[in-house]
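> Give the three-dimensional model of this entry:
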Amino acid sequence: MDKAGAITRFLERVDRFPQVLLVTDEEIVELFGTHVAAVLSKLERHGEETRSCTECGGDCCRDIGCELYAPEFGQCPIHDVRPIVCRFHFCHRFDSARKELIVGLRDIFLGCFRAVDMWDSPNLRSMDVPPLAEFCPDLVNVAVPIVQAVRQHRLDPQKAQEAIGREARAFREHCRLGTKEEAAGCPET
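So this is what the prediction gives:
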């Protein structure tokens with residue numbers, strides 16, 4: 001894996017995006033290149049096949065303090081637009097045969113994140129989320145009551161996931177289209 005190339009590509013492109021807090025698969029390709037995206041897809045398929053993530057009980061999500069986690073969800077409610085750190089994290093449940101790929105992804109993430117010290121980029125500062133509240137408080141304020149209702153068994157998890165997914169897509173669109181004054185709750189660019 002060309003770690004230096006992926007880091008350079010990311011740093012050259014990161015500030016062209018209105019936000020990199022919540023990213024799609026296509027944005028991962030654009031930011032890091034097709035090879036990194038292919039590695040991520042391979043590891044995600046492995047996780048699905050072995051049920052490594054779905055059967056873990058939410059250890060990683062709880063450890064990082066993700067406000068959108070509820071054990072009742074089958075997967076992250078914003079899986080299609082989840083943060084970069086979530087996409088690049090693979091815990092000990094992934095077998096050692098994939099360790100080289102996982103270490104490579106970690107090195108790429110850390111190399112990109114270290115750039116925060118080199119220049120002021122709101123997008124770089126937002127890479128190490130969740131928790132999400134600092135960079136998208138409006139999304140969190142809407143989503144947290146939905147997550148709480150699921151945890152208290154007052155709301156169907158599937159309906160909640162759909163609602164939170166709509167809110168995340170609306171947040172992304174708002175950041176893409178809004179002016180600084182209108183983009184309250186979006187990372188400043």
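> So for the longest helix anywhere in the chain, what gets flagged as buried?
If you go by DSSP state H, the chain has its longest helix at helix 157-177. Neighbour-count burial for helix 157-177, counted by 16 or more other C-beta atoms under 10 Å, picks out 157, 160-161, 163-165, 167-168, 171-172, 174-175. C-beta coordinates here come from the backbone N, C-alpha and C atoms, glycine included.
> show me what contacts the residue most central in space within the chain?
Nearest to the mean C-alpha position of the chain, by C-alpha atoms, centre = their mean, lies residue 83 at 1.2 Å. Applying C-beta atoms under 8 Å, 6 or more residues apart in numbering to residue 83 gives the contacts 21-23, 127, 129-130, 132.
> same question, residue 91
Residues near residue 91 by C-beta under 8 Å, 6+ apart: 52, 56, 59-60.
> Please list the members of these that lie in helices.
59-60.
> which among the contacts of residue 91 gets closest to residue 28?
If you rank those by distance to residue 28 using C-beta to C-beta, residue 60 comes first, at 18.5 Å.
> Helix, strand, or coil at the nearest residue to that closest one once chain neighbours are set aside?
In this structure, residue 60 finds its nearest non-sequential neighbour in residue 91, 5.6 Å apart by C-beta to C-beta, 6 or more residues apart in numbering. Three-state assignment for residue 91 (DSSP: H, G, I helix; E, B strand; the rest coil): coil.
> which of the contacts of residue 83 tops the neighbour count?
The most neighbours of any of the contacts of residue 83, using other C-beta atoms under 10 Å, belong to residue 21, which has 28 neighbours.
> And that one, how close does it get to residue 122?
Spatial separation of residue 21 from residue 122 under the definition C-beta to C-beta, to the nearest Å is 10 Å.
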